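[1] Predicted model and sequence below, questions to follow.
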Amino acid sequence: MISFDLARQLRMQGLQWTPGLHDRFMIPDRDLDEQVFVIADLTIDVEKVAGHATIMFNGAVEWSLDYIFSQDVVWLPSEEQLRDLIGDRFVSLTRTDGGFRCDLDLDDMTIGFSAERAPDAYGQALLHLLYARDPEAVNVQADATPPRWGDSAAQ
C-alpha cells in the first residue's frame, strides 16, 4: 500500500479520486491517523470462536461517523490504480537492491523513480507527472472544489 505521506502529496498536486468499491483511504486529523478504511459492501472480520477462525459479517460498527466528504480523506491508491493513472508513460517496474524502481518514458527518455516499496515507486512516478502536469498521463482535479466538511453550503 502506498504511504500516507506520498498519497497526501498526490492529493495536494491535484490527483482526482472518484471513490469506488475496495478503495482504501485514511482520515487525517481526527484521531484516526493510523486507521485505514476500505469502501466495502459489508464489514467482514475474521475472529476466533471456540479456537476456530470464523468469518463474521457485521452490519454495524462500534462507533459512528455519519458521513465525510471525499476531499477530507486521503485516498491510498492501489498499485493497479497507480499504474492506470501513469498510463502509457509506464515502461517497467524492477527490483533493486534498495527496493523498486518505476521507469517512465518521458519524451523518448527513460526516467526512473525509486522507493523501498513498489507502490511508493509508482507514486513517486505519478507525483512527477502531476508536478509536470502531463494531461496525457493523469486526470488532475478541476478548478471547482466541492464543499468541505463543516461549510454552511454543505449542510
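    Yes, it's here.
[2] which residue packs closest to residue 124, ignoring adjacent ones?
    Using Cβ to Cβ, 6 or more residues apart in numbering and skipping the chain neighbours, the partner closest in space to residue 124 is residue 113 (3.9 Å). No exception for glycine: its C-beta is placed from N, CA and C like everyone else's.
[3] The one you found reaches residue 100, doesn't it?
    No. Using Cβ atoms under 8 Å, residue 113 is not in contact with residue 100; the gap is 9.1 Å.
[4] what's the overlap in contacts for the two?
    residue 121 (Cβ atoms under 8 Å, 6 or more residues apart in numbering).
[5] hang on, the residue nearest to residue 124 is in a strand, isn't it?
    Yes. Assessed with DSSP: H, G, I helix; E, B strand; the rest coil, residue 113 lies in a strand.
[6] who's in contact with it?
    Residue 113 touches 101, 102, 103, 104, 121, 124, 125, 128, counting by Cβ under 8 Å, 6+ apart.
[7] Among the residues you listed, name the ones in helices.
    121, 124, 125, 128 (DSSP state H).
[8] Kindly state the beta-bridge partners for the residue positioned nearest the centre of the chain.
    With distances taken as Cα atoms, centre = their mean, residue 76 lies nearest the centre of the chain, 1.8 Å away. On the basis of DSSP bridges, residue 76 is bridged to residue 24.
[9] Residue 103 too?
    The residues that residue 103 bridges to, once DSSP bridges is applied, are residue 92, residue 112.
[10] so who does residue 105 touch?
    Residue 105 neighbours (Cβ under 8 Å, 6+ apart): 88, 89, 90, 91.
[11] how close does the last one sit to residue 78?
    Distance, residue 91 to residue 78, by Cβ to Cβ, to the nearest Å: 20 Å.
[12] Please report phi then psi for the residue of the chain most remote from its centre.
    Farthest-out residue of the chain from its mean C-alpha position, per Cα atoms, centre = their mean: residue 50, at 37.1 Å. Per-residue torsions, residue 50: phi 50, psi 40 (degrees, to the nearest 10).
[13] where exactly do the strands run in the protein?
    Counting by DSSP state E, the chain has strands at residues 24-26, 36-38, 43-49, 52-58, 74-76, 90-96, 99-106, 109-115.
[14] do you know which of those lies nearest residue 15?
    For the strands of the chain, the distance to residue 15 is smallest for strand 74-76, at 7.6 Å, taking Cβ to Cβ.
[15] Nothing else from me, thank you.
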